[in-house]
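In: next one to model:
(2 chains)
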Amino acid sequence: MRDQLEGILRELYEVRDRIKNADELETFRVKFLGRKGILREFAQSFKDATEEEKRTIGNHFNKVKQEVEDTLADLTEKFKKRERVRFDFTYPGKTPLVGYRHLMSLELERVKDIFASLGFSSYGGYEIVTEYENFDSLNIPKNHPARDMWDTLWIDQKEKGEDQTETEKTKYLFRTHTSAYQVKLLKEQGVPLRAIIPGKVFRHEATDRTHDFEFHQIEGLVIDEGANIAELKYVLESFYRAYFGKDLKIRLRPGYFPFVEPGLEVDLGCIFCKGKGCLTCKKTGFIEVAGAGMVHPSVLQESGIDPDSHYGYAFGLGLGRAVMLKYGISDIRLLHSADFRFIEQFR
Amino acid sequence: MIFRTEDIKNYITAKSINWDKTVEQLNAKLFETTYNNNMLEVDVLPNRYSDLSSLVGFSRELHAVCGCGFKEPKIKLKESRKLLENFMSVSVKTPLCKQYFGRMVFGVKNKQSPKWLAEFVRAYGFNSVNLIVDLSNFVMIEYGAPLHVFDADTIPGKKIIVREAESDESFRSLSDKNILVSKGAVVIADETEVLALAGIQGGWKSQTTLKTKNIFIEAAVFDPTSIYRTSRAVKLQTDSSYRFERKVVRENAIFALDRLTALIQEHAGGEIARGKVEHGKEQLKKLVTVLFEKVRSYSGINISAQEIENLILKTGSTIIKKTKIALTVVPPAFRLDLAIPEDFIEEVVRLYGLSHITSVFSSKGMIAREDEMFALQDIVRSLLVQSGCFEFVGYSFIADTEEKILQKTIQDLYGKDTEAIYALNPMSQLHSVYRSLLFPTLVKNLKENAVLAKDLRVCEIGNIGVYKGNNIIEASHAAYAISMPRVQDALLEGKGLARLLFERLGISVHIKNSDIAGFEIAAKMYGEENQDFGYIGLLEKELSSSYDIDQRVVVAEFDLNEILKVFTFDVVFQAIPEFPAIVRDVSYVVQETMPVNYIEQELRHGGTELLERVELVDVYQGGEIEKDKKSITFRLVFRAKDRSLKDTEINSILQGINKELISRYNVVLR
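Out: Next up, the predicted model:
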């Protein structure tokens, strides 16, 4: 009988290691502990044994039975743990609340970053400026035809400053160009200066697909030893290359703006046809992107800077035009869109 | 300015010109030019109008750019024995007339223009009137100087007076209109009345007709500013006024006068009076010193002194002195735009060819820094966007109808003396008032997206402006609007975002309930020194529905200019605490209407320096809580920097707090 018990134990060890899942475990349980199982059968045969045998074998039997039950408990625990969490990974899941930056604020940051890498600090300036800041300080006197180059959006000053005469009155307007901050900035920061002034500008112009009365401009202003036309070309070329991520060329042409001398028009090699000529560049291979030039001595003088010992360059470029070219947006008014479906496309 | 290429041929010596190539050169070295159907269109900008807007001037420049040779018209003039001064006298009584020249021709036979002349004037945008008028327009296109021909027999007293207009003078213009001349405008008059509005338009009475026999021809230079002002005041812009505004060259006026006189004699016959009217002195020519080194450092071109000299000579300038370092130059009479050294640098650079400039970073360079306002805007923007807001960049203008609704709101927010800023000449009624608040644009734009989502959050960072009394105030604002199906949710989210914003900025604020027009409930946010940082509130239902939004809208707006004054960019690192904290939740039952921050302040006050954090974790009403009461639970975190705290310490602190709360606010402990 003792041998019989040893055999049961051996069988237990043998079977135990081969059980792979909960089903096989159940078969194991029935085989050893079921109503007609091995242990029950052994106990039946054991009934007719002597008192002496019952005492010694009983002890042994209990140990074997305990071993079987422990094995069963261990394995039950093991297979229970293997039961996995269910989840369908093709579910869309729950979307966390996310916001999006507006295209223009994203692009403004890009522009600031590119110019920062060229050593340009950025400054804000005001949207409402005086007539002096926007015109007179920039060598654009009153009653001069050069003023007609900008269609101005004026501020209604009726009932304001009635104690002053028409000539004493400081006239205010919505800046027509970011250049309006040039003289003030030079007075505030002094020289050397390497700055961009990004911001909104306003024109009294009818709107259409390519014109808006309110748009973003980036002013550049550098007064530093060596800041010449060659560097102006380098800076604009580097900016546009970085912004469009393409190897682009800059072309300079003579131009006229009263606050620069020499005055320059800046063309960018067409980003689509690389100069071969297409619809965007009207078959010229170039797109007009900025006005520029060497800061006029009268502007330096106005800023309290000696034009005999300092010089530098300035430029003004339209951000909207660059953004439209970059993304293929055909209507400038979309740049003010508040439609989520527009905003969430850009990142 | 548009030129016929066949006309240009009369002023150059080259036999033929390849216009396509020439246009390329003009684009690179002059101004934007296009060539189509034998017409050349040149975009002449204001600084060069005085010399380029004529056949003679343009051809001269053409020669400088592409070396095609230039020839001026030959003027042959035969004067008779009749002395002009016996037939006409001119007195100039205003300094606004800089120069005045005149000639007389007797016994002309005016007639219709020959075909070539009629076609010429039409090509340049004039109607063909009669031979004499058409010839004067021909000469204006040739020399760029406007001329006027008077029928001498219509001028009684044989006396012309150039003077400033008195008030309430009027005259009948050539286009048969009665024009009220503004005081101070320059007029050409006889002894009794105004004959012509100087530099702008001639008069009906003294015009030349087919019957005209004796004529007086005027060429002049008027003050550009005066012409600019008058032409706008009387709303009359003519080819002549356009030219005078952009300056007319004295020498061109003199040549043009003789040229027209000669042409009239040639085509209409007549005797030319001996002598001419001449008023105004020749302006002294200014000497300009051009430093070779300056040309090089400005342009970045390594150009020789000889080359600089050659290019300056191409402009028609005279070099009167040459040293190793500089040239002393006299600009030609016809180039009024050449006055300072930089003007000559421009000439050298463009004629040399801007395409030869290689791009080089040639200055020392600087380290970029960011504007503090931009940096603050970036921090606020990131936080709002991370919190789920869609960012807008809206127009800076709203409709005047919107402004009328907001009038009381801005006065409640910014003070009674506040008014909106109106555009004097708005593009449209829809965009006629500068924004005084950001939220209206945000709310308006919420509507556009209301079909796409129910839980809407939008934000914008932009400038606003108002009149405070007589002063214009412009400031940078940040605002957000939140709209959710449940009002309480929107209020909680709105307030939570404001709290988070100030926490991130490291600025402490206190909140004060305020009545703000347009808001059902609202509160203002103040800094430690009572700075007005902004407001938060729930828009009145009427206001949000006026924007077509069914859901209620919570808005908050912040004055970044005020915030920037106290904001510090420096971060002070705090060491991570070494000793454990003791956390206790405390609950009190209070009146429903009692603001939770009364209790919070008491907790902070009584919590000593050991109290690290106070957090409202639950507000509960209903159940076993009496009606009109609420149960509020705070989580208190206590910690000491130098040791582990004991429970007994905290118990005694809490006992003290509770005693105070019971006596001051009659709270019930739970």
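In: check contacts around residue 342.
Out: Unless you meant another one, I'm taking chain A. Counting by C-beta atoms under 8 Å, 6 or more residues apart in numbering or on different chains, A:Phe342 makes contact with A:Leu103, A:Leu334. Just so you know, the C-beta spots here come from the backbone N, C-alpha and C atoms, and that holds for glycine as well.
In: could you do chain B instead?
Out: Contact analysis of B:Glu342 by C-beta under 8 Å, 6+ apart lists A:Glu261, A:Pro262, A:Met294, A:His296, A:Pro297, B:Tyr298.
In: distance to B:Asn127 and neighbour count added to those residues, as JSON lines?
Out: Output for these, formatted as JSON lines (distance: C-beta to C-beta, whole Å; neighbours: other C-beta atoms under 10 Å in any protein chain shown):
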{"residue": "A:Glu261", "distance to B:Asn127": "39", "neighbour count": "25"}
{"residue": "A:Pro262", "distance to B:Asn127": "40", "neighbour count": "26"}
{"residue": "A:Met294", "distance to B:Asn127": "44", "neighbour count": "24"}
{"residue": "A:His296", "distance to B:Asn127": "41", "neighbour count": "22"}
{"residue": "A:Pro297", "distance to B:Asn127": "45", "neighbour count": "19"}
{"residue": "B:Tyr298", "distance to B:Asn127": "47", "neighbour count": "25"}
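In: nearest to chain A: which residue in the stretch 151-300 of chain B?
Out: When scored by C-beta to the nearest C-beta, the stretch 151-300 of chain B has B:Gly300 as its residue closest to chain A, at 2.6 Å.
In: how about the contacts made by that residue?
Out: Counted by C-beta under 8 Å, 6+ apart, B:Gly300 has contacts A:Asn228, A:Ile229, A:Ala230, A:Glu231, B:Ile357, B:Thr358, B:Val360, B:Ser362.
In: give the contact list for the last one.
Out: If I follow you right, that is B:Ser362. Contacts of B:Ser362 by C-beta under 8 Å, 6+ apart are A:Gly226, A:Ala227, A:Asn228, A:Ala230, A:Glu231, A:Tyr234, B:Gly300.
In: can you count the residues close to the closest residue to the last one other than its chain neighbours?
Out: Yep, that's B:Gly300 we're talking about. Leaving out its chain neighbours, the residue that sits closest to B:Gly300 by C-beta to C-beta, 6 or more residues apart in numbering or on different chains is A:Ala230, at 2.6 Å. Neighbours of A:Ala230 under the rule other C-beta atoms under 10 Å in any protein chain shown: 21.
In: close enough to count as contact, A:Ile140 and A:His296?
Out: No - the pair A:Ile140 and A:His296 does not pass the contact test of C-beta atoms under 8 Å, sitting 10.3 Å apart.
In: who's sitting farthest from the centroid in chain A?
Out: Centroid-distance maximum for chain A: A:Thr50 at 89.2 Å, with C-alpha atoms, centre = their mean.
In: from chain B, how far off is that residue?
Out: As judged by C-beta to the nearest C-beta, to the nearest Å, A:Thr50 and chain B stand 68 Å apart.
In: just A:Ser45 next, same as before
Out: Going from A:Ser45 to chain B by C-beta to the nearest C-beta gives 65 Å.
In: what sits against that residue?
Out: The neighbours of A:Ser45, taking C-beta under 8 Å, 6+ apart as the test, are A:Met1.
In: ok but it is inside a strand, no?
Out: No - counting by DSSP: H, G, I helix; E, B strand; the rest coil, A:Ser45 falls outside a strand, being helix.
In: might you name the residue of the stretch 101-250 of chain A sitting closest to chain B?
Out: At 2.6 Å from chain B, A:Ala230 is the closest residue in the stretch 101-250 of chain A, using C-beta to the nearest C-beta.
In: and the one helix or strand that residue maps to, what does it pack onto?
Out: Using DSSP states H and E, A:Ala230 maps to helix A:229-244. Packing partners of helix A:229-244 (3 or more C-beta pairs under 8 Å, 6 or more residues apart in numbering or on different chains; DSSP states H and E): helix A:103-117, strand A:214-223, strand A:250-255, strand A:260-269, strand A:286-295, strand A:312-318, helix A:319-327, helix B:292-299.
In: pLDDT (mean, whole number) over that helix?
Out: Helix A:229-244 shows an average pLDDT of 96 in the prediction.
In: just to be sure, B:Gln25 is in a helix?
Out: Yes - secondary structure of B:Gln25 (three-state DSSP): part of a helix.
In: how near is it to B:Leu55?
Out: Applying C-beta to C-beta, to the nearest Å, the value for B:Gln25 to B:Leu55 is 18 Å.
In: looking at those two, which one has more neighbours?
Out: Using other C-beta under 10 Å, the more surrounded residue of B:Gln25 and B:Leu55 is B:Leu55, with 20 against 15.
In: B:Asp7 is in contact with the more buried one, correct?
Out: Yes - between B:Leu55 and B:Asp7 there is a contact under C-beta under 8 Å: 5.6 Å.
In: check which helix or strand covers B:Tyr100.
Out: Assigned by DSSP H and E, B:Tyr100 belongs to strand B:97-106.
In: buried sites along that strand?
Out: B:Cys97, B:Lys98, B:Gln99, B:Tyr100, B:Phe101, B:Gly102, B:Arg103, B:Met104, B:Val105 (16 or more other C-beta atoms under 10 Å in any protein chain shown).
In: what do you get for stretch A:317-336?
Out: Along stretch A:317-336, these residues count as buried under the neighbour rule (16+ other C-beta under 10 Å): A:317-325, A:329, A:332-336.
In: what's the answer for stretch B:43-63, then?
Out: B:44-63.
In: cool, stretch B:579-588 as well?
Out: For stretch B:579-588, a neighbour-count test (16+ other C-beta under 10 Å) marks B:Ala581, B:Ile582, B:Val586, B:Tyr588 as buried.
In: secondary structure for the residues you listed - can I get that in CSV?
Out: Listed next are these as CSV, based on three-state DSSP:
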residue, secondary structure
B:Ala581, coil
B:Ile582, strand
B:Val586, strand
B:Tyr588, strand
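In: any chance of those residues in a markdown table with distance to B:Phe334 and pLDDT as columns?
Out: Shown next, in a markdown table, are the buried residues of stretch B:579-588 (distance: C-beta to C-beta, whole Å; pLDDT from 0 to 100):
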| residue | distance to B:Phe334 | pLDDT |
| --- | --- | --- |
| B:Ala581 | 87 | 94 |
| B:Ile582 | 92 | 94 |
| B:Val586 | 92 | 93 |
| B:Tyr588 | 92 | 94 |
